[in-house]
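Peer 1: Task: produce atomic coordinates for the following.
(one chain, ligands or ions: 1)
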Amino acid sequence: MTVAVPWSRSEFEAQLRDRGAGYHIHHPFNVKMNEGLLREDQIRGWVANRFYYQVNIPQKDGAIIANCPDRETRRKWVRRILDHDGWDDNEGGIEAWVRLGEAVGLAREALWSQRHVVPGVRFAVDAYVNFARRVPWQEAVCSSLTEMFAPKIHKDRLANWPIHYGWIDPAGLQYFRSRISLAERDVEHGLQVTLDHFTTRAQQERALEILQFKLDILWAMLDAIEKAYP
Ligand SMILES: O=C(O)c1cc(C(=O)O)c2c(n1)C(=O)C(=O)c1cc(C(=O)O)[nH]c1-2
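Peer 2: This next block holds a predicted model:
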């Protein structure tokens, strides 16, 4: 039996980055959003449904920490929880998302009630959190690497929403602005863990499968949102 040679670190990273072709930036609903083709109720539907992702991210990151015996990793990973939940005077990403909601005409209570969250979005997000709970922490870290592709999607929104959606107060877009540098920092750490841990060719291929699983979660969310707001 021949055993495939592992990819070099840089080739492995290139393979991971190639998976960006399947990122939800290319989903028809996101393409329409970016081109200014969505109605107000469709934008509101997306914001209300994505809130379910936002509020679950800290629980997902808490699950990774709960499974991780390495103090150095935990010291870095815990920042992600604070980024979303906030601390002291920093209101955090979840509150910034609520402000985005208000800017598109959704009451704070409408977001927090989660009454607009459709089943497909709930199932997809829950699958992500449950994955992080049950797999080795390095695999859960790997699943966060869709964030490699997120700065571009945030930048697109910052560039295009003010042009196409004049009815949205640009101050509401602060969440997207804040995520660009945070995502870059997160990816640097997540990639380092992934490149260090998945070293045999079989493990590297497993990492690509994990990344695809996460890409599918994001894609399935937009499928469900697109269907709910035709
Ligand atoms: O708006 C987006 O398209 C998008 C995508 C992703 C992603 O790729 O998972 C994240 C975010 N935003 C985001 O804001 C965020 O905080 C975040 C955390 C994570 C993660 O997997 O830990 N992904 C993402």
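Peer 1: got a list of what residue 148 touches?
Peer 2: By CB atoms under 8 Å, 6 or more residues apart in numbering, residue 148 lies in contact with 16, 17, 20, 187, 191. Any C-beta I mention is one placed from the backbone N, CA and C, and that applies to glycine too.
Peer 1: Please, which helix or strand holds the last one?
Peer 2: Element membership for residue 191, per DSSP states H and E: helix 174-197.
Peer 1: for the first one, same thing?
Peer 2: Following DSSP H and E, one finds residue 16 within helix 9-18.
Peer 1: so what does the helix holding residue 191 touch, helix or strand wise?
Peer 2: Judged by 3 or more CB pairs under 8 Å, 6 or more residues apart in numbering; DSSP states H and E, the packing partners of helix 174-197 are helix 9-18, helix 71-85, helix 92-103, helix 137-143, helix 150-164.
Peer 1: What distance do you get for the residue lying closest to residue 93 once chain neighbours are set aside to residue 90?
Peer 2: Sequence neighbours aside, residue 84 is the residue nearest to residue 93 in space, at 4.3 Å (criterion: CB to CB, 6 or more residues apart in numbering). Going from residue 84 to residue 90 by CB to CB, to the nearest Å gives 11 Å.
Peer 1: Repeat that for residue 218.
Peer 2: With the distance defined as CB to CB, residue 218 ends up 26 Å from residue 90.
Peer 1: and these two? which has more neighbours close in?
Peer 2: Ranked by neighbour count (other CB atoms under 10 Å), residue 218 and residue 90 place residue 218 first, with 23 against 11.
Peer 1: which residues touch the nearest residue to the more buried one once chain neighbours are set aside?
Peer 2: With CB to CB, 6+ apart as the criterion, residue 218 has its nearest non-adjacent residue at 4.2 Å, and that residue is residue 24. Neighbouring residues of residue 24 by CB under 8 Å, 6+ apart: 30, 153, 215, 218, 219, 221, 222.
Peer 1: switch to 10 Å and redo it
Peer 2: Applying CB atoms under 10 Å, 6 or more residues apart in numbering to residue 24 gives the contacts 30-31, 146, 149-150, 153, 215-223.
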